[in-house]
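Novice: Here's a sequence, model it:
(one chain, ligands or ions: 1)
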Amino acid sequence: MNFQKICVLGLGYIGLPTASTFATHGLEVIGVDVNTKVVETLKNGGLHIHEPGLRILVQAALGSGNLRISDQPESADAFIIAVPTPFLADKRADMSFVRAAAGAIAPYLSPGNLVVLESTSPPRTTVDIVAPILERSRLVAGEDFLLAYSPERVLPGQILRELIENARVIGGINETSALAGRDLYSTFVRGEIVLTDATTAEMVKLMENTYRDVNIAIANEFSRLADRFGVDVWEANRLANRHPRVEILNPGPGVGGHCIGVDPWFLVEAAPDITQLIQSARQVNDQQPEFVLELIRRTLPDGDSAGSLRGKRIAALGLSYKANVDDLRESPAIEVCKHLADAGALVSAYEPYKADLNIPGFKCETSLEDALINAELIVLLVPHTTLVTLDPHKLADITPARTLIDVVNGWTDRSWQEAGFRVTRLGAGTMSGQ
Ligand SMILES: NC(=O)c1ccc[n+]([C@@H]2O[C@H](COP(=O)([O-])OP(=O)(O)OC[C@H]3O[C@@H](n4cnc5c(N)ncnc54)[C@H](O)[C@@H]3O)[C@@H](O)[C@H]2O)c1
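Specialist: Now for the predicted structure:
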């Protein structure tokens, strides 16, 4: 199938790079977002998200004249839906954005069009939710128009490269739809394109992230065991991973982002009676910020046996859900800060990728210096390169704190001790009570 013009709904971390990449590969692209701020920012040459290389890509796409930004769809050969699929307070998938996007496409749908859902979705979303909404156009899915699901597997921080190089799964509601999807994405995808049915493709994405979540949960549980038994989990992991068939992940403050901590719930919601392991893993990872709080309580510089955090001045470094990105969604680092504030600590947080922050419950500083200047205790929550490469001696000059809690194994160098800091690491045997 030949595609000249496509319409991408949702211009966030996934939709904007996708729309721009199609545009720089010669297709006419309408990038649509319902958020007027996003539309205005992009139209004025700005960028509302941080992703390495994205500014140049978007500028190239807009400059070529192939990418136009709009607040509503228009007729096209293909439509791509890349809108959010968060969960509700009760952990059920919020499919309202997907429903709205499909509803917005329906009036513009023409015979022969292809629609691709990229948003991570519960099993059967494409056939049970998206197809019926699109069929309000009076066109029949699989006959008059083609419909496919294609999960996005890019890694934030490396989205532009992975968009092109990763293998891509395309699941059609029938074979013609899958083949049309392959024709569309082969515009720029250099990785293998693998065809399947729509529900399998939905499951593939959910299985990938659930697998990651379960593996992170076991790593976090190992960190608790290591603390209990006076073992350094980082060393134990390193040794265990010398086994040819073992690959234990790193523990940390929990699981965040709007994928790994969210997607397993889509499977739990779809089949609560047969997902015990998945539910347990979610529970372990969701509790990890409380475990970190306990670690901090025990590490208080005055050796306060009651471990009272009330009035303690704590600098929390890093707030995003993982290293070297600005994405704060579901961040366990923020959970740790909230727990600290709830326990009465005076938290001064600093996130180098988003200096201008306002999070209810604790203070966000605009500079590292402001976060550190009055601190008694420093907690490293995210292994941003800029934080783990800090010079300990320079840090010692700008803070009175001499106690560090490293939750991410970022400050391992001996120079920290030489600069006068006492470093406590998560999973390094500190909670044995010995
Ligand atoms: N961010 C990632 O790394 C990643 C990786 C894999 C999969 N995903 C999945 O991709 C999907 C999109 O994620 P994201 O990170 O790009 O989200 P995002 O929040 O960064 O962007 C989504 C955009 O969609 C817009 N939007 C909402 N409703 C809309 C509608 N009806 N029409 C047009 N625009 C609409 C929002 O205003 C927002 O700008 C989600 O399902 C997510 O789970 C994300």
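Novice: what about residue 146, is that helix, strand or coil?
Specialist: strand (DSSP: H, G, I helix; E, B strand; the rest coil).
Novice: What separation do you get for the closest residue to it other than its chain neighbours and residue 111?
Specialist: Nearest non-adjacent residue to residue 146, counting by Cβ to Cβ, 6 or more residues apart in numbering: residue 177, 3.9 Å away. For glycine as for every other residue, the C-beta is placed from the backbone atoms N, C-alpha and C. Distance, residue 177 to residue 111, using Cβ to Cβ, to the nearest Å: 14 Å.
Novice: Looking at the two, which one has more neighbours?
Specialist: Neighbours per residue (other Cβ atoms under 10 Å) separate residue 177 from residue 111, with residue 177 holding more: 26 against 10.
Novice: what about stretch 36-54, near the ligand?
Specialist: Yes - judged by Cβ under 6 Å from any ligand atom, stretch 36-54 comes into contact with the ligand at residue 38.
Novice: residues contacting the closest residue to the ligand within the stretch 1-150 of the chain?
Specialist: Closest to the ligand within the stretch 1-150 of the chain is residue 12: 1.7 Å, counting by Cβ to the nearest ligand atom. Taking Cβ atoms under 8 Å, 6 or more residues apart in numbering as the contact definition, residue 12 lies against 33, 38, 49, 82, 84.
Novice: Then residue 24?
Specialist: 57, 60, 61, 64, 66.
Novice: What's the separation between it and residue 410?
Specialist: According to Cβ to Cβ, residue 24 and residue 410 sit 36 Å apart.
Novice: where's the closest residue to residue 355 other than its chain neighbours, which helix or strand?
Specialist: Distances taken as Cβ to Cβ, 6+ apart put residue 366 closest to residue 355, at 4.7 Å, once the chain neighbours are dropped. Assigned by DSSP states H and E, residue 366 belongs to no helix or strand.
Novice: give me the number of residues near residue 366?
Specialist: 12.
Novice: mind checking pLDDT for it?
Specialist: Listed pLDDT for residue 366 reads 96.
Novice: My read is that it contacts residue 354, right?
Specialist: No - Residue 366 is beyond contact range of residue 354, at 10.0 Å (criterion: Cβ atoms under 8 Å).
Novice: count of neighbours near the closest residue to the ligand within the stretch 151-300 of the chain?
Specialist: Residue nearest to the ligand within the stretch 151-300 of the chain: residue 152 (4.0 Å; Cβ to the nearest ligand atom). Neighbour count for residue 152, taken as other Cβ under 10 Å: 20.
Novice: Residue 224 belongs to a helix, doesn't it?
Specialist: Yes - membership of residue 224 in a helix is supported by three-state DSSP.
Novice: nearest spatial neighbour of it, skipping sequence neighbours?
Specialist: residue 291 (6.1 Å).
Novice: Quick check: the gap between the closest residue to residue 109 other than its chain neighbours and residue 61.
Specialist: Leaving aside its chain neighbours, residue 109 sits nearest to residue 137 (4.3 Å; criterion: Cβ to Cβ, 6+ apart). According to Cβ to Cβ, residue 137 and residue 61 sit 29 Å apart.
Novice: Neighbour count: the two, which is higher?
Specialist: Comparing residue 137 with residue 61 by other Cβ under 10 Å, the one with more neighbours is residue 61, at 24 against 18.
Novice: what about the more buried one, which helix or strand?
Specialist: Residue-wise, residue 61 maps onto helix 54-63 under DSSP H and E.
Novice: Now do that helix: which elements does it pack against?
Specialist: Using 3 or more Cβ pairs under 8 Å, 6 or more residues apart in numbering; DSSP states H and E as the contact test, the elements touching helix 54-63 are helix 15-24, strand 67-70, helix 159-165.
Novice: Need the ones you listed in TSV (columns: distance to residue 342 and mean pLDDT).
Specialist: Converted to TSV, the helices and strands packed on helix 54-63 look like this (distance: least, Cβ to Cβ, whole Å; pLDDT from 0 to 100):
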stretch	distance to residue 342	mean pLDDT
helix 15-24	36	98
strand 67-70	41	98
helix 159-165	35	96
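Novice: Show me which residues of the protein sit near the ligand.
Specialist: 9-15, 32-35, 38, 82-85, 97, 100-101, 104, 118-120, 152, 154, 156, 258-259.
Novice: Just these: which are in helices?
Specialist: 15, 38, 97, 100, 101, 104 (DSSP state H).
Novice: Over to residue 284: give its phi and psi.
Specialist: phi -60, psi -50 (degrees, to the nearest 10).
Novice: Please look at it and residue 219 and confirm they touch.
Specialist: No - assessed by Cβ under 8 Å, residue 284 is found out of contact with residue 219, at 9.7 Å.
Novice: where along the stretch 251-400 of the chain do the helices fall?
Specialist: For the stretch 251-400 of the chain, helices defined by DSSP state H, counting those that start in this stretch occupy the ranges 263-270, 276-298, 332-342, 368-372, 385-388, 392-398.
Novice: which one of these is the most hemmed in?
Specialist: Using mean count of other Cβ atoms under 10 Å, the stretch among these with the largest mean neighbour count is helix 332-342, at a mean of 23.
Novice: Just list what that helix packs against, helices and strands only.
Specialist: Other elements packing on helix 332-342 under the criterion 3+ Cβ pairs under 8 Å, 6+ apart are helix 276-298, strand 313-317, strand 346-350.
Novice: Mind putting the ones you listed into a markdown table with distance to residue 236 and mean pLDDT?
Specialist: Compiled in a markdown table, the helices and strands packed on helix 332-342 are given as follows (distance: least, Cβ to Cβ, whole Å; pLDDT from 0 to 100):
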| stretch | distance to residue 236 | mean pLDDT |
| --- | --- | --- |
| helix 276-298 | 17 | 96 |
| strand 313-317 | 26 | 97 |
| strand 346-350 | 30 | 98 |
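Novice: Distance check, the closest residue to residue 351 other than its chain neighbours against the ligand.
Specialist: Closest residue in space to residue 351, ignoring its immediate chain neighbours: residue 319 at 3.8 Å, by Cβ to Cβ, 6+ apart. Plainly put, residue 319 is 17 Å away from the ligand if you go by Cβ to the nearest ligand atom, to the nearest Å.
Novice: Test my guess that residue 319 contacts residue 382.
Specialist: Yes - using Cβ under 8 Å, residue 319 is in contact with residue 382, at 6.9 Å.
Novice: Common neighbours of the two, please.
Specialist: In contact with both residue 319 and residue 382: 333, 351, using Cβ under 8 Å, 6+ apart.
Novice: In the chain, where is pLDDT below threshold?
Specialist: Applying pLDDT under 70 to the chain flags the ranges 301-307, 430-434.
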